[in-house]
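Colleague: With the input below, show me the fold.
(chains A and B)
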Amino acid sequence: MELKEKRLIKKVKKGNHQAFAELVDKYKNGVYILCLRMVGNRQEAEDLSQETFIRAYHHIDQFDINRKFSTWIFRIATNLSIDWLRKKKPDVSLDAEVPGTDGLALKALLASEEALPEELVIQGEMERFIQQEIELLPEKYRTAVVLKYIQDLSLKEISEIMGIPVGTVKTRIHRGREMLRKNMDSIRGEKT
Amino acid sequence: MTCSNKKYMSLMNKVLDDEATNVERRELFEHLALCDRCRRHFKELKQSTELLNHLSHPQLPNHFTKNVLERLPAEKRHAAREWMSRHPLLAATAICILPVSVAMFAARRQMLFQEKNNNDQLILLKMPGNRP
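Modeller: As a prediction, this is how the structure comes out:
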């Protein structure tokens, strides 16, 4: 871990708010995106992000200064998001129905041989659709896929965040990838 | 479904994970050139995660950090230490001035005391009947 961050964390351990504010500023958007893609709701994601940092502050004594702070904070965020999903589960599965029109733009996109054109993907409809695809994944695959493809983390970091061996992370990413692919078959309208 | 050969599925995963050797990559792509099913499967797998890369990255509102800080337990305040870290020169001056002024104060008292003593002795000397 970089020296400046170590120094900040030492200050936080002594109860310094200003040092903690610097850490929050550095990691808040990463934590927010992680929560957002896990739970799919901006307001909830913001609340979970806040909860993540408050927990981190209260448990900073348990943080080993020789490890990566990002791994630790992402671990808290992941666990809180999973807790939220478990409590929320009945509602989520009711919402999981994909409205028919949402798939249209994607269908055209998937049919084309070219690389995905950005202007199409940026659209809110598309975004909502992709988010729904993520939410169709069971939480253990969803976590691995989000950490890998949205947070861009290494397998080793993911294994530390999820508390599972690297080999298991790989398997979950493979299964998650395969599920995403299968779910998108319904959009492609192909019977395989 | 895909090609019945499991070997190519695991090769696809290796390539997508960026863990395939050049030999393995060549082996997979040679097979994909011949097998429509596997080619489509591989393309679909690639697309499914490429889509995720295109999600937006919204930012938190500016007041987020402030909100977090407001929910923390009150800071253990070290008023003196904070003041010193903000005004190191003044602090250093103050620290130097304190013992010096104490010393000066003590020295002055000592002088006054001695003066008084001398006066007392003089008075004693001047008093009648006290002459040696």
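
Colleague: Residue ranges in chain A under the pLDDT threshold?
Modeller: Across chain A, the ranges flagged by pLDDT under 70 are A:1, A:89-123, A:189-192.

Colleague: check contacts around the spatially most central residue of it.
Modeller: Closest residue to the average C-alpha location of chain A: A:L34 at 3.1 Å, with C-alpha atoms, centre = their mean. Applying C-beta atoms under 8 Å, 6 or more residues apart in numbering or on different chains to A:L34 gives the contacts A:74, A:77-78, A:81, A:146-147, A:150-151. Using the backbone N, CA and C atoms, a C-beta is placed for each residue, glycine as well.

Colleague: One more: A:A21?
Modeller: Counting by C-beta under 8 Å, 6+ apart, A:A21 has contacts B:65, B:68-69.

Colleague: and the residue lying closest to A:E22 once chain neighbours are set aside, how many residues sit next to it?
Modeller: If the residues on either side of it in the chain are set aside, A:E22 comes closest to A:L8, at 5.6 Å by C-beta to C-beta, 6 or more residues apart in numbering or on different chains. When neighbours are counted by other C-beta atoms under 10 Å in any protein chain shown, A:L8 registers 20.

Colleague: Kindly confirm whether my reading is correct that A:L8 touches A:D25.
Modeller: No - using C-beta atoms under 8 Å, A:L8 makes no contact with A:D25, being 10.7 Å away.

Colleague: Okay, buried residues for the lengthiest helix in chain A please.
Modeller: As assigned by DSSP state H, the longest helix anywhere in chain A is helix A:69-95. Using 16 or more other C-beta atoms under 10 Å in any protein chain shown as the test for burial, helix A:69-95 gives A:69-82, A:84-85.

Colleague: tell me what it is packed against?
Modeller: Applying 3 or more C-beta pairs under 8 Å, 6 or more residues apart in numbering or on different chains; DSSP states H and E, one finds that helix A:69-95 contacts helix A:17-39, helix A:42-58, helix A:139-145, helix A:155-162.

Colleague: tell me the angle it makes with helix A:17-39.
Modeller: Angle, helix A:69-95 to helix A:17-39, by axes from the mean of the first three to the mean of the last three C-alpha atoms, to 10 degrees: 40 degrees.

Colleague: For helix A:69-95, what is the distance to the chain centroid?
Modeller: Relative to the chain's own centre, helix A:69-95 is displaced by 9 Å; criterion: C-alpha atoms, centre = their mean, to the nearest Å.

Colleague: With stretch B:98-107 instead?
Modeller: Worked out by C-alpha atoms, centre = their mean, stretch B:98-107 lies 41 Å from the chain centre.

Colleague: Now that stretch - C-alpha only, CSV.
Modeller: C-alpha atoms of stretch B:98-107 as CSV (Å, rounded to 0.1, in the frame of the first residue of the first chain):
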residue,chain,number,x,y,z
LEU,B,98,7.3,29.9,28.9
PRO,B,99,10.4,28.6,30.8
VAL,B,100,12.2,31.8,30.1
SER,B,101,9.5,33.9,31.6
VAL,B,102,9.2,31.6,34.6
ALA,B,103,12.9,31.9,35.1
MET,B,104,12.8,35.6,34.8
PHE,B,105,9.9,35.8,37.2
ALA,B,106,11.8,33.6,39.7
ALA,B,107,15.0,35.6,39.3
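
Colleague: Quick one: residues contacting the residue nearest to A:E22.
Modeller: Contacts of A:L8 by C-beta under 8 Å, 6+ apart are A:19-20, A:22-23.
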